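Q: return atomic coordinates for the entry below.
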Amino acid sequence: MGGGSSIRQRSIPSQRRRRVCRQWSTSLALIASLALPGGVVLAEDGSVNDLLSQARSAYRGGDAARALTLATRAVELDPQNPQSFLVRGQLHEMQGRHRLAIADYDAVLKLDPSVVEVYNRRGSEHFKLGHIEASIADFDRAIELNPGQEPYHWQRGISYYYAGLFEKGRAQFQSHQQVNANDVENAVWHFLCGARLEGVKQARQSLLNIEGDPRVPMMEIYRLFKGEGSVVEVLWAARGGDGDPEVRNRQFFYAHLYVGLYHEALGEETEARRHLVLAADRYPVNHYMGDVARVHADRLRQQ
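A: As a prediction, this is how the structure comes out:
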């Protein structure tokens, strides 16, 4: 779990921007591989391709506004080209404009309803807006089109959890264990679903076996949920590392997120709220789990 393909980006420092741009470059390979509808023909002078190429270059160079302008020109030049909507949708996604990203992904799927990855991206954007049922519908459709990806789809498991579909969520995380055997987060979400179904004691007895997640402070989190560790140990471990501010922030994010979820599983609502809000507001991270923390904290505030 963690990074995923969906990135919630705020105003970010240059070091983090470089990391996001690397992830954007990876997503560009996806763009190139997407099948276009049979009837789509690019402009004869290659203008759409040129505009999209310039948009990619602008984003890599840190000029997101110009990238968006260029992608919009490509959309206007050939509104029957799903690739233009896809590029612009990804730009909106990376800038945290989730509703606009969804609108562009809607356009892609209207032109070509068979593009699996766009269902995944739109489902992720729906989740970030708290549209849990819509996210599940998109994830389900993606898996229907590509069944082999079902074990990998931990995002759907998280949406199941927030929809109250705990049995389905537990089954999803059990399946994910087959392809990601040493992910503490997967074991924790499996536990959280089980605790809602059968109580903490039974969920602890059914805790998935994890032997060596190298991320700090994941093994301390695992021992906490296993009943062999403590909140203090998790928070203390999060202080470790080489002192890099971004690394330290990430470690505190995970510590507070999972300590908060642990307290919630135990019915300790005040402590749960405190730690989950800290994860979302004081130690935000620019990837899918950061959005999970924010969505959870927003739901607590609404309550």
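Q: okay, the nearest residue to Ala163 once chain neighbours are set aside: pLDDT?
A: Spatial nearest neighbour of Ala163, excluding adjacent residues (CB to CB, 6 or more residues apart in numbering): Ile132 at 4.9 Å. For the C-beta atoms, the positions are set from N, CA and C on the backbone; glycine is no exception. According to the prediction, Ile132 has pLDDT 98.
Q: same deal with the one 5 residues further on?
A: We have a pLDDT of 98 for Ala137.
Q: now it: closest residue in space, sequence neighbours ignored.
A: Using CB to CB, 6+ apart, the closest residue to Ala137 is Gly123 (7.5 Å).
Q: give me the secondary structure label for Arg239.
A: coil (DSSP: H, G, I helix; E, B strand; the rest coil).
Q: against Phe253, how distant is it?
A: Going from Arg239 to Phe253 by CB to CB, to the nearest Å gives 13 Å.
Q: got it, and Val277?
A: Counting by CB to CB, the gap from Val277 to Phe253 is 12 Å.
Q: swap in Met94?
A: Taking CB to CB, one finds Met94 at 19 Å from Phe253.
Q: now Tyr262
A: To Phe253, Tyr262 is 15 Å away according to CB to CB.
Q: Val179 contacts Trp154, doesn't it?
A: No - Val179 is not in contact with Trp154 according to CB atoms under 8 Å; the separation is 9.6 Å.
Q: neighbour count winner among the two?
A: More crowded of Val179 and Trp154, by other CB atoms under 10 Å: Trp154, with 23 against 14.
Q: correct me if wrong: that one contacts Met1.
A: Yes - taking contacts as CB under 8 Å, Trp154 lies within contact range of Met1: 5.4 Å.
Q: between Arg239 and Phe253, which one's more packed in?
A: More crowded of Arg239 and Phe253, by other CB under 10 Å: Phe253, with 22 against 13.
Q: so which strand or helix has the more buried one?
A: If you go by DSSP states H and E, Phe253 is part of helix 245-265.
Q: what about Ala137, which helix or strand?
A: Per DSSP H and E: helix 132-145 holds Ala137.
Q: what comes into contact with the following helix or strand past that helix?
A: Using DSSP H and E, the helix or strand that follows helix 132-145 towards the C-terminus is helix 154-162. Residues from elsewhere that reach helix 154-162, judged by CB atoms under 8 Å, 6 or more residues apart in numbering: 1, 4, 120, 123-124, 127, 132, 135-136, 139-140, 143, 166, 168-169, 172-173, 176, 180, 185-186, 189, 192-193, 196, 288, 292, 295-296, 299.
Q: again with stretch 185-192
A: With contact meaning CB under 8 Å, 6+ apart, stretch 185-192 is reached by 1-2, 154, 157-158, 161, 169-170, 173-174, 176-177, 180, 203-204, 206-210, 218, 221-222, 225, 258, 261, 265, 289.
Q: run the chain-centre distance for it.
A: From the chain centre to the centre of stretch 185-192 is a distance of 16 Å (CA atoms, centre = their mean, to the nearest Å).
Q: from what I see, Pro151 and Ala171 are in contact.
A: No - Pro151 is not in contact with Ala171 according to CB under 8 Å; the separation is 10.7 Å.
Q: any low-confidence regions in this protein?
A: Low-confidence segments of the chain, defined by pLDDT under 70: 2-46.
Q: so how far is Glu220 from Trp236?
A: Noted for Trp236: a distance of 8 Å to Glu220, by CB to CB.
Q: do the same with His275
A: 14 Å.
Q: from the contact counts, what lies against the helix or strand harbouring Ala67?
A: Taking DSSP H and E as the criterion, Ala67 maps to helix 64-77. Here helix 64-77 touches helix 47-60, helix 82-94, going by 3 or more CB pairs under 8 Å, 6 or more residues apart in numbering; DSSP states H and E.
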